[in-house]
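A.B. asks: I would like to see how this sequence folds:
(one chain, ligands or ions: 1)
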Amino acid sequence: MAAIAEVDQIWKNGALIPWAEATTHVLTHALHYGTAVFEGIRCYKNDRGSAVFRLREHMERFHRSAKIIMMDIPYSVDELVEASLQTIRVNKLEECYIRPLAYRGYGAVGVNPSAAPVDVVIAVWPWGDYLGDTALKEGISVQISSWRQRSANSTPGAVKSSAGYLNSGLANIEAVGNGFGEAILLNEGGLVAEGSGENIFTVRDGLISTPPLSDGILEGLTRDSVITIARDLGYTVLERSLVRTDLYIADEVFFTGTAAELTPISSVDRRSIGLPGPVTLALQAKLFDAAKGRSAEYGNWLTWV
Ligand code: PPE
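C.D. replies: Below you'll find the predicted structure:
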């Protein structure tokens, strides 16, 4: 969705190397078979410096993704946390997106990846608004995709795998091609799953709902943060299955994600939801307060650079 803003160095297999040298062979296993897992993390600048939002939890999810696909990441969560901070510092970035990727590298062909090495990289670069520059304030239009969410017994949504994003890409290409800002995927059972790169929430009569993990979605860290913030603000949040009509008749609908942050949804399949509502705006403000170090109660979500 955005051109890459190049920086100086990338961390690869334990060392920092120049950006331009962070290349790989065309017979890299992951290029052919999608055998890779990754993360997306944000570092925000604030009054007292720069801090990464939920860094440790992202690296823990990275390890969980790898575990599910039987890939051994040869670096501990602590080592990956430290490597991320080092990569941000060496590139002198105050705000950035962080992309750890573990992939089956060069050395084997064929479906079974066991003989291919596991290479690990951490790249950082500046990445602004994910869904366009008016999205956070005005919201975006979305379309229910004709593509179904990858299912729990094929390419599990719980794994943040490169292979999984073929599915996301199909849905996003279709939605954008049809003039919408983003797609929402229903799972094979017809229940609302998530956006191509976001979790989804509804608000109706003050009650906040979001699909449960068992509906086949990624366990979003922003989703978790927003659930916590909402409950702390006194809202009831239910993790419950949603059908498409729940979206049409909701008072408010919004996406959460590291890249998308908290993006209001202004219409679903051309049914108007309207301008961002009060609950959406309150949660968005609190989420940014937490991520940008303005909220002492969520201070433990930050790792200072
Ligand atoms: N679902 C999907 C499918 C997803 O890709 C993301 C993040 C989420 C939910 C939200 O998870 P979290 O970031 O932990 O709150 N998508 C990442 C990749 C986006 C991309 O285009 O690349 C992201 O937001 O970093």
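
A.B. asks: Quick one: name the residues of the protein near the ligand.
C.D. replies: Applying Cβ under 6 Å from any ligand atom, we find that the chain lies next to the ligand at 40, 168, 194, 197-199, 218, 220-223, 256-260. All C-beta atoms are positioned from the backbone trio N, CA, C, and that covers glycine.

A.B. asks: Go through those residues and name the one nearest the ligand.
C.D. replies: Nearest to the ligand, judged by Cβ to the nearest ligand atom, of the residues of the chain next to the ligand is G40 at 2.2 Å.

A.B. asks: Skipping its backbone neighbours, what lies nearest that closest one in space?
C.D. replies: Spatial nearest neighbour of G40, excluding adjacent residues (Cβ to Cβ, 6 or more residues apart in numbering): T258 at 4.6 Å.

A.B. asks: what about the one you found, how many residues close to it?
C.D. replies: 22 (other Cβ atoms under 10 Å).

A.B. asks: Correct me if wrong: it contacts R223.
C.D. replies: No: here T258 does not reach R223: they are 10.4 Å apart, not a contact under Cβ atoms under 8 Å.

A.B. asks: Am I right that S209 is in a strand?
C.D. replies: Yes: applying DSSP: H, G, I helix; E, B strand; the rest coil, one finds S209 inside a strand.

A.B. asks: what are the bridge partners for it, then?
C.D. replies: As for beta bridges, S209 partners with T202, L238 under DSSP bridges.

A.B. asks: Report the contact partners of Q86.
C.D. replies: If a contact means Cβ atoms under 8 Å, 6 or more residues apart in numbering, then Q86 has W11, L16 as its contacts.

A.B. asks: Could you measure from it over to the ligand?
C.D. replies: Q86 is 20 Å from the ligand, where distance means Cβ to the nearest ligand atom, to the nearest Å.

A.B. asks: now L207
C.D. replies: Here the criterion is Cβ to the nearest ligand atom. By it, L207 lies 22 Å from the ligand.

A.B. asks: Let's see the pLDDT reported for that residue.
C.D. replies: Note on L207: pLDDT of 98.

A.B. asks: what's near enough to touch the residue lying closest to it once chain neighbours are set aside?
C.D. replies: Nearest residue to L207, sequence neighbours excluded (Cβ to Cβ, 6+ apart): T236, at 5.6 Å. For T236, the contact set (Cβ under 8 Å, 6+ apart) comprises G206, L207, I208.

A.B. asks: got a list of contacts for the stretch of helix or strand E194 belongs to?
C.D. replies: Taking DSSP states H and E as the definition, E194 sits inside strand 192-195. Residues from elsewhere that reach strand 192-195 (Cβ under 8 Å, 6+ apart): 142, 149, 157, 182-187, 200, 211, 215-218, 220, 241-244, 246-247, 255, 257, 260.

A.B. asks: coming back round to it: out of the contacts of T236, which are buried?
C.D. replies: I208 (16 or more other Cβ atoms under 10 Å).

A.B. asks: Any figure for the gap between E239 and E261?
C.D. replies: 21 Å (Cβ to Cβ, to the nearest Å).

A.B. asks: Relative to Y106, which of the residues of the chain next to the ligand is nearest.
C.D. replies: Of all those, Y106 sits closest to G40, with 24.8 Å by Cβ to Cβ.

A.B. asks: Tell me how far the closest one lies from A259.
C.D. replies: 6 Å.

A.B. asks: More neighbours: which of the two?
C.D. replies: Legend: neighbour count by other Cβ under 10 Å for G40 and A259, higher for A259 (20 against 17).

A.B. asks: Shouldn't the more buried one be within a helix?
C.D. replies: No: looking at A259 with three-state DSSP, it is coil, so not inside a helix.
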